[in-house]
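K.L.:
Build me a structure from this.
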Amino acid sequence: MTTEAPVHPGRSISRTVLAATLTILAVLGALALVYLLRGPLSWLAIAGFIAVAVSGPVGRLQKHMPRGLAVLLVYVGVLLVPAIVGLIVVPPLVRAASDLIDQAPFYADEVQRYVQGNETLRDLDDDFDLVAQLERQADQLPARVGDAATWLGDLGIGIVNSVFAGVTILILSVFLVGSGRRWMDGLLDVGTPKHAARIKTVLDRMAGAVGAYIGGAIVQAGIAGGLAFVVMTVLGVPFAAPLAVIVALFGLIPMIGATIAAVIVGIVTVFNDFPTATIVWVIWAVVYQQVENTVIQPRIQKRAVGVHPLGVMIAVLFGGTLLGVTGALLAVPVAASLQIGVEAWWEYRKEIGDVPRLDDSDTDPDAGPDGGDPGAGEAGPPTPGTPPGDASPAPG
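P.N.:
Residues are numbered from 1 along each chain as shown. The predicted model follows:
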(Lines give C-alpha, C1' and ligand atoms only; values in the text may rest on other atoms or scores of the structure.)
Protein backbone atom coordinates (compact mmCIF):
# COMPACT_ATOMS: atom_id res chain seq x y z
CA MET A 1 0.00 0.00 0.00
CA THR A 2 1.46 3.32 -1.09
CA THR A 3 0.85 6.68 0.46
CA GLU A 4 0.90 9.97 -1.42
CA ALA A 5 2.94 12.91 -0.19
CA PRO A 6 0.75 15.59 1.37
CA VAL A 7 0.16 18.73 -0.71
CA HIS A 8 1.04 21.99 1.00
CA PRO A 9 -1.38 24.74 -0.14
CA GLY A 10 0.93 27.42 1.22
CA ARG A 11 3.79 26.31 -0.99
CA SER A 12 1.56 26.29 -4.10
CA ILE A 13 0.25 29.78 -3.34
CA SER A 14 3.74 31.11 -2.75
CA ARG A 15 4.93 29.72 -6.08
CA THR A 16 1.97 31.28 -7.86
CA VAL A 17 2.62 34.65 -6.25
CA LEU A 18 6.32 34.43 -7.10
CA ALA A 19 5.59 33.52 -10.74
CA ALA A 20 3.07 36.37 -11.07
CA THR A 21 5.51 38.84 -9.50
CA LEU A 22 8.34 37.79 -11.81
CA THR A 23 6.04 38.01 -14.83
CA ILE A 24 4.95 41.54 -13.90
CA LEU A 25 8.54 42.61 -13.33
CA ALA A 26 9.57 41.12 -16.68
CA VAL A 27 6.77 42.98 -18.49
CA LEU A 28 7.65 46.26 -16.76
CA GLY A 29 11.31 45.75 -17.61
CA ALA A 30 10.46 45.10 -21.25
CA LEU A 31 8.29 48.23 -21.40
CA ALA A 32 11.05 50.29 -19.80
CA LEU A 33 13.57 48.93 -22.32
CA VAL A 34 11.25 49.78 -25.21
CA TYR A 35 10.82 53.30 -23.80
CA LEU A 36 14.57 53.80 -23.52
CA LEU A 37 15.10 52.49 -27.05
CA ARG A 38 12.11 54.33 -28.54
CA GLY A 39 14.40 56.44 -30.74
CA PRO A 40 16.26 53.58 -32.48
CA LEU A 41 13.08 51.50 -32.61
CA SER A 42 11.23 54.33 -34.36
CA TRP A 43 14.15 54.67 -36.79
CA LEU A 44 13.96 50.94 -37.49
CA ALA A 45 10.20 51.13 -38.07
CA ILE A 46 10.61 54.06 -40.48
CA ALA A 47 13.41 52.20 -42.27
CA GLY A 48 11.12 49.21 -42.65
CA PHE A 49 8.41 51.29 -44.26
CA ILE A 50 10.92 52.94 -46.59
CA ALA A 51 12.24 49.51 -47.55
CA VAL A 52 8.71 48.31 -48.32
CA ALA A 53 7.98 51.47 -50.31
CA VAL A 54 11.11 51.20 -52.51
CA SER A 55 10.91 47.42 -52.94
CA GLY A 56 8.37 47.86 -55.76
CA PRO A 57 10.52 50.22 -57.89
CA VAL A 58 13.60 48.12 -57.12
CA GLY A 59 11.80 44.98 -58.30
CA ARG A 60 10.73 46.63 -61.55
CA LEU A 61 14.20 48.02 -62.28
CA GLN A 62 15.77 44.68 -61.38
CA LYS A 63 14.16 43.15 -64.49
CA HIS A 64 16.38 45.35 -66.68
CA MET A 65 19.59 45.70 -64.63
CA PRO A 66 21.49 44.13 -61.70
CA ARG A 67 19.77 44.42 -58.33
CA GLY A 68 22.61 46.46 -56.80
CA LEU A 69 22.37 49.11 -59.53
CA ALA A 70 18.57 49.16 -59.17
CA VAL A 71 18.85 49.79 -55.42
CA LEU A 72 21.42 52.55 -56.03
CA LEU A 73 19.25 54.36 -58.57
CA VAL A 74 16.14 54.19 -56.37
CA TYR A 75 17.94 55.55 -53.32
CA VAL A 76 19.54 58.33 -55.33
CA GLY A 77 16.02 59.34 -56.28
CA VAL A 78 14.96 59.15 -52.62
CA LEU A 79 17.84 61.46 -51.64
CA LEU A 80 17.03 63.92 -54.42
CA VAL A 81 13.52 64.51 -53.08
CA PRO A 82 14.49 66.35 -49.84
CA ALA A 83 17.28 68.17 -51.67
CA ILE A 84 14.85 69.53 -54.27
CA VAL A 85 12.33 70.44 -51.55
CA GLY A 86 15.04 72.32 -49.66
CA LEU A 87 16.13 74.23 -52.76
CA ILE A 88 12.55 75.26 -53.46
CA VAL A 89 11.49 76.20 -49.93
CA VAL A 90 14.54 77.48 -48.04
CA PRO A 91 15.90 80.30 -50.28
CA PRO A 92 12.54 82.15 -50.59
CA LEU A 93 12.00 81.89 -46.84
CA VAL A 94 15.47 83.29 -46.14
CA ARG A 95 14.91 86.17 -48.55
CA ALA A 96 11.49 86.88 -47.04
CA ALA A 97 12.91 86.96 -43.50
CA SER A 98 15.74 89.28 -44.59
CA ASP A 99 13.30 91.63 -46.34
CA LEU A 100 11.05 91.66 -43.28
CA ILE A 101 13.95 92.72 -41.04
CA ASP A 102 15.07 95.44 -43.47
CA GLN A 103 11.60 96.79 -44.18
CA ALA A 104 10.19 96.55 -40.64
CA PRO A 105 10.45 100.33 -39.94
CA PHE A 106 8.74 101.09 -43.27
CA TYR A 107 5.92 98.68 -42.48
CA ALA A 108 5.48 100.32 -39.08
CA ASP A 109 5.16 103.75 -40.72
CA GLU A 110 2.56 102.34 -43.13
CA VAL A 111 0.59 100.96 -40.22
CA GLN A 112 0.75 104.33 -38.44
CA ARG A 113 -0.59 106.19 -41.48
CA TYR A 114 -3.38 103.65 -41.89
CA VAL A 115 -4.34 103.92 -38.22
CA GLN A 116 -4.39 107.74 -38.34
CA GLY A 117 -6.72 107.62 -41.31
CA ASN A 118 -9.27 105.43 -39.51
CA GLU A 119 -11.25 106.94 -36.64
CA THR A 120 -11.93 103.67 -34.83
CA LEU A 121 -8.30 102.55 -34.99
CA ARG A 122 -7.16 106.03 -33.99
CA ASP A 123 -9.28 105.87 -30.82
CA LEU A 124 -7.84 102.45 -29.99
CA ASP A 125 -4.34 103.80 -30.55
CA ASP A 126 -5.01 106.72 -28.22
CA ASP A 127 -6.19 104.29 -25.53
CA PHE A 128 -3.51 101.59 -25.85
CA ASP A 129 -0.62 103.32 -27.71
CA LEU A 130 -0.35 100.38 -30.15
CA VAL A 131 1.48 102.19 -32.95
CA ALA A 132 4.21 103.53 -30.67
CA GLN A 133 4.85 100.06 -29.28
CA LEU A 134 4.97 98.64 -32.82
CA GLU A 135 7.49 101.27 -33.89
CA ARG A 136 9.71 100.55 -30.90
CA GLN A 137 9.71 96.83 -31.69
CA ALA A 138 10.46 97.55 -35.36
CA ASP A 139 13.40 99.81 -34.45
CA GLN A 140 14.78 97.10 -32.14
CA LEU A 141 14.39 94.32 -34.71
CA PRO A 142 17.73 94.88 -36.52
CA ALA A 143 19.50 94.92 -33.15
CA ARG A 144 18.16 91.45 -32.45
CA VAL A 145 20.06 89.86 -35.29
CA GLY A 146 22.44 88.37 -32.72
CA ASP A 147 19.56 86.61 -30.98
CA ALA A 148 18.40 85.38 -34.36
CA ALA A 149 21.91 84.05 -35.01
CA THR A 150 21.78 82.10 -31.75
CA TRP A 151 18.39 80.71 -32.70
CA LEU A 152 19.68 79.78 -36.14
CA GLY A 153 22.64 78.04 -34.50
CA ASP A 154 20.31 75.91 -32.40
CA LEU A 155 18.27 75.24 -35.52
CA GLY A 156 21.43 74.19 -37.34
CA ILE A 157 22.27 71.69 -34.59
CA GLY A 158 18.76 70.29 -34.89
CA ILE A 159 19.15 70.02 -38.65
CA VAL A 160 22.48 68.20 -38.24
CA ASN A 161 20.88 65.73 -35.83
CA SER A 162 17.99 65.23 -38.24
CA VAL A 163 20.40 64.63 -41.12
CA PHE A 164 22.28 62.04 -39.02
CA ALA A 165 19.01 60.30 -38.18
CA GLY A 166 17.94 60.38 -41.83
CA VAL A 167 21.23 58.89 -43.04
CA THR A 168 21.00 56.15 -40.40
CA ILE A 169 17.43 55.34 -41.41
CA LEU A 170 18.39 55.18 -45.09
CA ILE A 171 21.32 52.83 -44.34
CA LEU A 172 19.02 50.58 -42.29
CA SER A 173 16.48 50.54 -45.11
CA VAL A 174 19.20 49.61 -47.62
CA PHE A 175 20.13 46.60 -45.49
CA LEU A 176 16.46 45.66 -45.20
CA VAL A 177 15.95 45.89 -48.96
CA GLY A 178 19.05 43.81 -49.63
CA SER A 179 18.70 41.10 -47.00
CA GLY A 180 15.48 41.64 -45.07
CA ARG A 181 13.39 39.10 -46.97
CA ARG A 182 16.10 36.45 -46.71
CA TRP A 183 16.37 36.98 -42.95
CA MET A 184 12.59 36.80 -42.55
CA ASP A 185 12.33 33.61 -44.61
CA GLY A 186 15.10 32.05 -42.54
CA LEU A 187 13.29 32.82 -39.29
CA LEU A 188 9.98 31.50 -40.61
CA ASP A 189 11.53 28.28 -41.92
CA VAL A 190 12.47 27.35 -38.37
CA GLY A 191 8.80 26.80 -37.49
CA THR A 192 6.11 24.55 -38.93
CA PRO A 193 6.04 24.70 -42.76
CA LYS A 194 2.25 25.13 -42.81
CA HIS A 195 2.39 28.07 -40.42
CA ALA A 196 5.44 29.54 -42.19
CA ALA A 197 3.61 29.56 -45.53
CA ARG A 198 0.59 31.24 -43.94
CA ILE A 199 2.72 33.91 -42.24
CA LYS A 200 4.63 34.59 -45.48
CA THR A 201 1.34 35.12 -47.28
CA VAL A 202 0.17 37.57 -44.61
CA LEU A 203 3.48 39.46 -44.71
CA ASP A 204 3.27 39.71 -48.50
CA ARG A 205 -0.24 41.14 -48.18
CA MET A 206 1.00 43.67 -45.63
CA ALA A 207 3.92 44.67 -47.84
CA GLY A 208 1.63 45.06 -50.84
CA ALA A 209 -0.82 47.21 -48.89
CA VAL A 210 1.91 49.42 -47.44
CA GLY A 211 3.64 49.85 -50.80
CA ALA A 212 0.37 50.64 -52.57
CA TYR A 213 -0.63 53.16 -49.92
CA ILE A 214 2.73 54.96 -49.88
CA GLY A 215 2.97 55.09 -53.66
CA GLY A 216 -0.62 56.29 -53.95
CA ALA A 217 -0.14 58.92 -51.24
CA ILE A 218 2.93 60.31 -53.05
CA VAL A 219 1.05 60.53 -56.36
CA GLN A 220 -1.94 62.14 -54.65
CA ALA A 221 0.28 64.69 -52.88
CA GLY A 222 2.03 65.50 -56.15
CA ILE A 223 -1.29 66.16 -57.87
CA ALA A 224 -2.43 68.41 -55.01
CA GLY A 225 0.83 70.38 -55.00
CA GLY A 226 0.94 70.79 -58.78
CA LEU A 227 -2.64 72.01 -59.09
CA ALA A 228 -2.19 74.34 -56.10
CA PHE A 229 0.89 75.85 -57.78
CA VAL A 230 -1.11 76.55 -60.95
CA VAL A 231 -3.96 78.19 -59.01
CA MET A 232 -1.61 80.33 -56.88
CA THR A 233 0.33 81.40 -59.97
CA VAL A 234 -2.89 82.52 -61.68
CA LEU A 235 -3.92 84.43 -58.53
CA GLY A 236 -0.51 86.07 -58.24
CA VAL A 237 0.16 84.66 -54.76
CA PRO A 238 3.81 85.20 -53.74
CA PHE A 239 6.02 82.19 -52.96
CA ALA A 240 3.80 79.93 -55.07
CA ALA A 241 6.44 77.20 -55.43
CA PRO A 242 7.29 76.89 -51.68
CA LEU A 243 3.61 77.00 -50.80
CA ALA A 244 2.89 74.28 -53.38
CA VAL A 245 5.57 72.11 -51.77
CA ILE A 246 3.95 72.71 -48.37
CA VAL A 247 0.57 71.71 -49.82
CA ALA A 248 2.11 68.49 -51.18
CA LEU A 249 3.86 67.65 -47.90
CA PHE A 250 0.76 68.26 -45.80
CA GLY A 251 -1.23 66.27 -48.35
CA LEU A 252 0.66 63.18 -47.18
CA ILE A 253 -1.03 63.50 -43.78
CA PRO A 254 -4.45 61.83 -44.07
CA MET A 255 -7.72 63.45 -43.04
CA ILE A 256 -6.35 66.79 -41.79
CA GLY A 257 -3.24 67.57 -43.84
CA ALA A 258 -5.02 69.09 -46.85
CA THR A 259 -7.13 71.33 -44.60
CA ILE A 260 -4.08 72.64 -42.73
CA ALA A 261 -2.29 73.41 -46.00
CA ALA A 262 -5.36 75.21 -47.37
CA VAL A 263 -5.53 77.39 -44.24
CA ILE A 264 -1.83 78.30 -44.54
CA VAL A 265 -2.21 79.37 -48.16
CA GLY A 266 -5.44 81.21 -47.30
CA ILE A 267 -3.60 83.29 -44.70
CA VAL A 268 -1.00 84.25 -47.33
CA THR A 269 -3.73 85.33 -49.76
CA VAL A 270 -5.22 87.61 -47.08
CA PHE A 271 -2.03 89.69 -47.10
CA ASN A 272 -1.69 89.54 -50.89
CA ASP A 273 -5.04 90.32 -52.51
CA PHE A 274 -7.93 90.36 -50.06
CA PRO A 275 -10.73 89.47 -50.57
CA THR A 276 -10.58 88.35 -54.23
CA ALA A 277 -7.66 85.92 -54.01
CA THR A 278 -8.84 84.62 -50.64
CA ILE A 279 -12.36 83.88 -51.86
CA VAL A 280 -11.13 82.18 -55.04
CA TRP A 281 -8.64 80.09 -53.06
CA VAL A 282 -11.23 79.00 -50.49
CA ILE A 283 -13.64 77.95 -53.24
CA TRP A 284 -10.87 76.08 -55.04
CA ALA A 285 -9.70 74.32 -51.86
CA VAL A 286 -13.22 73.14 -50.95
CA VAL A 287 -14.00 71.91 -54.47
CA TYR A 288 -10.65 70.17 -54.88
CA GLN A 289 -10.91 68.37 -51.54
CA GLN A 290 -14.31 67.03 -52.55
CA VAL A 291 -12.96 65.85 -55.89
CA GLU A 292 -9.92 64.34 -54.21
CA ASN A 293 -11.99 62.46 -51.64
CA THR A 294 -14.51 61.10 -54.17
CA VAL A 295 -12.52 60.65 -57.39
CA ILE A 296 -8.73 60.90 -57.06
CA GLN A 297 -8.13 59.10 -53.77
CA PRO A 298 -10.37 56.04 -54.49
CA ARG A 299 -8.73 55.51 -57.88
CA ILE A 300 -5.18 55.87 -56.59
CA GLN A 301 -5.69 53.85 -53.40
CA LYS A 302 -7.84 51.10 -54.90
CA ARG A 303 -5.06 48.52 -54.40
CA ALA A 304 -4.45 49.48 -50.79
CA VAL A 305 -6.36 47.98 -47.89
CA GLY A 306 -9.40 50.07 -46.96
CA VAL A 307 -9.39 51.33 -43.38
CA HIS A 308 -12.51 52.82 -41.82
CA PRO A 309 -12.36 56.65 -41.52
CA LEU A 310 -12.73 56.40 -37.74
CA GLY A 311 -9.79 54.02 -37.63
CA VAL A 312 -7.79 56.42 -39.79
CA MET A 313 -8.52 59.32 -37.44
CA ILE A 314 -7.61 57.29 -34.34
CA ALA A 315 -4.43 56.01 -35.99
CA VAL A 316 -3.40 59.54 -37.01
CA LEU A 317 -4.02 60.88 -33.50
CA PHE A 318 -2.03 58.06 -31.87
CA GLY A 319 0.78 58.22 -34.42
CA GLY A 320 1.05 61.99 -34.17
CA THR A 321 1.18 61.82 -30.38
CA LEU A 322 3.88 59.13 -30.36
CA LEU A 323 6.13 60.22 -33.25
CA GLY A 324 4.89 63.65 -34.31
CA VAL A 325 4.54 64.31 -38.03
CA THR A 326 6.35 61.08 -38.88
CA GLY A 327 3.87 59.09 -36.82
CA ALA A 328 0.95 60.80 -38.54
CA LEU A 329 2.41 59.94 -41.94
CA LEU A 330 2.91 56.27 -41.02
CA ALA A 331 -0.37 55.89 -39.13
CA VAL A 332 -2.51 54.58 -42.00
CA PRO A 333 0.05 52.00 -43.29
CA VAL A 334 0.41 50.68 -39.72
CA ALA A 335 -3.36 50.54 -39.30
CA ALA A 336 -3.70 48.71 -42.64
CA SER A 337 -1.03 46.17 -41.62
CA LEU A 338 -2.71 45.58 -38.26
CA GLN A 339 -6.04 45.11 -40.00
CA ILE A 340 -4.57 42.50 -42.34
CA GLY A 341 -2.94 40.70 -39.40
CA VAL A 342 -6.15 40.64 -37.36
CA GLU A 343 -8.17 39.40 -40.35
CA ALA A 344 -5.65 36.62 -41.02
CA TRP A 345 -5.66 35.59 -37.35
CA TRP A 346 -9.46 35.54 -37.30
CA GLU A 347 -9.60 33.38 -40.43
CA TYR A 348 -7.09 30.98 -38.87
CA ARG A 349 -9.16 30.71 -35.70
CA LYS A 350 -12.28 30.00 -37.75
CA GLU A 351 -10.46 27.27 -39.64
CA ILE A 352 -9.39 25.65 -36.39
CA GLY A 353 -12.93 25.76 -35.09
CA ASP A 354 -14.40 24.24 -38.28
CA VAL A 355 -12.01 21.24 -38.42
CA PRO A 356 -13.62 18.10 -36.86
CA ARG A 357 -11.74 16.74 -33.89
CA LEU A 358 -10.46 13.19 -34.44
CA ASP A 359 -9.60 10.56 -31.84
CA ASP A 360 -6.11 9.34 -31.06
CA SER A 361 -6.27 6.53 -33.64
CA ASP A 362 -6.92 9.07 -36.46
CA THR A 363 -9.49 6.70 -37.98
CA ASP A 364 -12.59 7.55 -39.90
CA PRO A 365 -15.49 7.68 -37.43
CA ASP A 366 -17.73 5.96 -39.99
CA ALA A 367 -15.30 3.07 -40.55
CA GLY A 368 -15.29 -0.24 -38.73
CA PRO A 369 -12.62 -1.65 -36.38
CA ASP A 370 -10.46 -2.73 -39.29
CA GLY A 371 -10.94 0.43 -41.27
CA GLY A 372 -13.38 -1.30 -43.68
CA ASP A 373 -17.13 -1.25 -43.91
CA PRO A 374 -19.11 -0.55 -40.77
CA GLY A 375 -20.57 -4.04 -40.76
CA ALA A 376 -17.31 -5.95 -41.25
CA GLY A 377 -16.30 -8.07 -38.26
CA GLU A 378 -19.19 -6.78 -36.24
CA ALA A 379 -22.36 -8.57 -35.20
CA GLY A 380 -25.73 -7.24 -36.19
CA PRO A 381 -28.32 -6.04 -33.74
CA PRO A 382 -29.36 -8.64 -31.15
CA THR A 383 -32.70 -10.37 -31.52
CA PRO A 384 -35.34 -9.98 -28.88
CA GLY A 385 -34.60 -12.09 -25.85
CA THR A 386 -30.93 -12.35 -26.64
CA PRO A 387 -28.48 -11.13 -23.99
CA PRO A 388 -26.39 -8.13 -24.99
CA GLY A 389 -23.09 -9.02 -26.61
CA ASP A 390 -24.36 -12.32 -28.14
CA ALA A 391 -25.16 -12.43 -31.83
CA SER A 392 -27.23 -15.66 -31.38
CA PRO A 393 -28.73 -17.65 -28.51
CA ALA A 394 -26.40 -20.10 -26.79
CA PRO A 395 -26.84 -23.81 -27.80
CA GLY A 396 -29.02 -25.83 -25.50
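
K.L.:
can you pull out the helices in the chain?
P.N.:
Here the chain has its helices, by DSSP state H, at 9-36, 38-62, 67-116, 119-128, 130-140, 145-175, 181-189, 193-235, 240-251, 257-272, 276-291, 297-300, 309-354.

K.L.:
quick one: P242 from I218, how far?
P.N.:
Between P242 and I218 the distance is 19 Å, computed by Cβ to Cβ, to the nearest Å. Every residue, glycine included, has its C-beta placed from N, CA and C.

K.L.:
Could you pull up the residues touching V210?
P.N.:
Going by Cβ atoms under 8 Å, 6 or more residues apart in numbering, V210 touches F49, V52, A53, P333, A336, S337.

K.L.:
how does it look with 7 Å?
P.N.:
F49, V52, P333, A336, S337 (Cβ atoms under 7 Å, 6 or more residues apart in numbering).

K.L.:
Need the pLDDT of the nearest residue to the second one once chain neighbours are set aside.
P.N.:
In other words, V52. Nearest residue to V52 in three dimensions, chain neighbours excluded: V210, at 4.7 Å (Cβ to Cβ, 6 or more residues apart in numbering). pLDDT for V210: 80.

K.L.:
again with the one 3 residues further on
P.N.:
At Y213 the predicted local distance difference test score is 81.

K.L.:
same question, V263
P.N.:
92.

K.L.:
Could you do P369 as well?
P.N.:
46.

K.L.:
Export the contacts of V210 as TSV, with columns for pLDDT, distance to V202 and neighbour count.
P.N.:
Shown next, in TSV, are the contacts of V210 (pLDDT from 0 to 100; distance: Cβ to Cβ, whole Å; neighbours: other Cβ atoms under 10 Å):
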residue	pLDDT	distance to V202	neighbour count
F49	81	17	22
V52	81	14	23
P333	82	15	25
A336	83	12	24
S337	84	9	21
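
K.L.:
and these as TSV, adding distance to D185?
P.N.:
What follows is the contacts of V210, written out as TSV (distance: Cβ to Cβ, whole Å):
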residue	distance to D185
F49	20
V52	16
P333	22
A336	23
S337	19
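
K.L.:
Now flag whichever of those residues is closest to G353.
P.N.:
Minimum distance to G353 across the contacts of V210 is 24.9 Å, recorded for S337 (Cβ to Cβ).

K.L.:
OK, contacts around the closest one?
P.N.:
Applying Cβ under 7 Å, 6+ apart, we find S337 in contact with M206, A209, V210.

K.L.:
from the residues you listed, which is closest to D102?
P.N.:
Among the contacts of S337, and counting by Cβ to Cβ, the member closest to D102 is V210, at 47.9 Å.

K.L.:
Quick check: the gap between the closest one and R113.
P.N.:
Counting by Cβ to Cβ - V210 and R113 are separated by 58 Å.

K.L.:
And for A30?
P.N.:
Distance from A30 to R113, by Cβ to Cβ: 67 Å.

K.L.:
With L79 instead?
P.N.:
50 Å.

K.L.:
Give me the more crowded residue out of the two.
P.N.:
L79 (13 against 10; other Cβ atoms under 10 Å).

K.L.:
now the more buried one, nearest residue through space, not along the chain?
P.N.:
L170 (7.5 Å).

K.L.:
domain parsing for the protein?
P.N.:
Domain assignment for the chain, taken from automatic domain parsing, gives 41-178, 191-353.

K.L.:
Return the member of those domains having the minimum mean pLDDT.
P.N.:
domain 41-178 (a mean of 75).

K.L.:
Tell me the spacing between the most centrally placed residue in the chain and G353.
P.N.:
The centroid of the chain falls nearest to L330 when counting by Cα atoms, centre = their mean (1.5 Å). Distance, L330 to G353, by Cβ to Cβ: 34 Å.

K.L.:
Likewise for I157?
P.N.:
Using Cβ to Cβ, we find I157 at a distance of 58 Å from G353.

K.L.:
Which of those two has more residues huddled nearby?
P.N.:
Counted by other Cβ under 10 Å, I157 and G353 do not tie: I157 has more neighbours, with 10 against 7.

K.L.:
The more buried one and K200, how far apart?
P.N.:
Distance from I157 to K200, by Cβ to Cβ: 44 Å.

K.L.:
Check I267 too.
P.N.:
Per Cβ to Cβ, I267 is found 50 Å from K200.

K.L.:
Settle it for me: which of the two has more neighbours?
P.N.:
Remark: of I267 and K200, K200 carries more neighbours, 15 against 11, as counted by other Cβ under 10 Å.

K.L.:
List the contacts of A248.
P.N.:
A221, G222, A224, G225 are the contacts of A248 under Cβ under 7 Å, 6+ apart.
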